[in-house]
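**Student:** For reference, the sequence and a predicted model appear below.
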Amino acid sequence: MNRRNHLALMGAAAGAVATSKLVSAREPRPRLPRDQGMVTRLQTITDNTPEGAHVFNLHGETVTVERIAEFINVSAHDGLITFGGPPIPIAAAMDDSAIRRVMPGLPATPFETGIRETMDRFTALRDAGRLDTSDLI
């Protein structure tokens, strides 16, 4: 999940309109919560590192920005998340068969589950007074 999607999720949890801004590569990036599925996948990879030097693609679901915004807005019961501009150029599907061959049983998190879990974490941070919304405009 990219930074813009995290900002949208954080905005939905904070009840604020979320827009993204460009961040220079030189600026420090805030640590953002990751969906538990990604954490589990990275732990599985780290705990089961194969011999030799490997380069893998790790692909999840490819979804449109429209689907992300719609799911967040429906889940948050508001319409605060909007988007515009040209489509973001991303690979529609990466071949992750190599990592799945080397590491069978690598877990995957469905799109809706990952978004819902991330929104729940942002909501918990907001409710605890620990959600930094300085990136939201």
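**Tutor:** Arrived safely.
**Student:** Against residue 122, how distant is residue 133?
**Tutor:** Here residue 133 is placed at a distance of 10 Å from residue 122 (Cβ to Cβ, to the nearest Å). The way it works is simple: take the backbone N, C-alpha and C, and place the C-beta from them, glycine included.
**Student:** neighbour-wise, which of these two wins?
**Tutor:** residue 122 (21 against 17; other Cβ atoms under 10 Å).
**Student:** isn't residue 119 right next to residue 73, touching?
**Tutor:** No - between residue 119 and residue 73 there is no contact under Cβ atoms under 8 Å: 11.2 Å.
**Student:** more neighbours, the two?
**Tutor:** residue 119 (20 against 16).
**Student:** Tell me the pLDDT of the more buried one.
**Tutor:** We have a pLDDT of 92 for residue 119.
**Student:** remind me, longest helix of this protein?
**Tutor:** Using DSSP state H to define each element, the chain has its longest helix at helix 111-127.
**Student:** show me where this structure has helices.
**Tutor:** So, for the chain - with DSSP H - the helices run 3-14, 36-47, 65-76, 97-102, 111-127.
**Student:** Would you mind giving those as TSV with distance to residue 55 added?
**Tutor:** Shown next, in TSV, are the helices of the chain (distance: least, Cβ to Cβ, whole Å):
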stretch	distance to residue 55
helix 3-14	23
helix 36-47	12
helix 65-76	28
helix 97-102	8
helix 111-127	24
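**Student:** can I assume residue 94 is in contact with residue 59?
**Tutor:** Yes - with contact defined as Cβ under 8 Å, residue 94 reaches residue 59; the gap is 4.2 Å.
**Student:** Could you give the number of residues near residue 99?
**Tutor:** 19.
**Student:** Return the residues in contact with the spatially closest residue to it that is not a sequence neighbour.
**Tutor:** Spatial nearest neighbour of residue 99, excluding adjacent residues (Cβ to Cβ, 6 or more residues apart in numbering): residue 56 at 3.8 Å. Counting by Cβ atoms under 8 Å, 6 or more residues apart in numbering, residue 56 makes contact with 96, 98, 99, 102.
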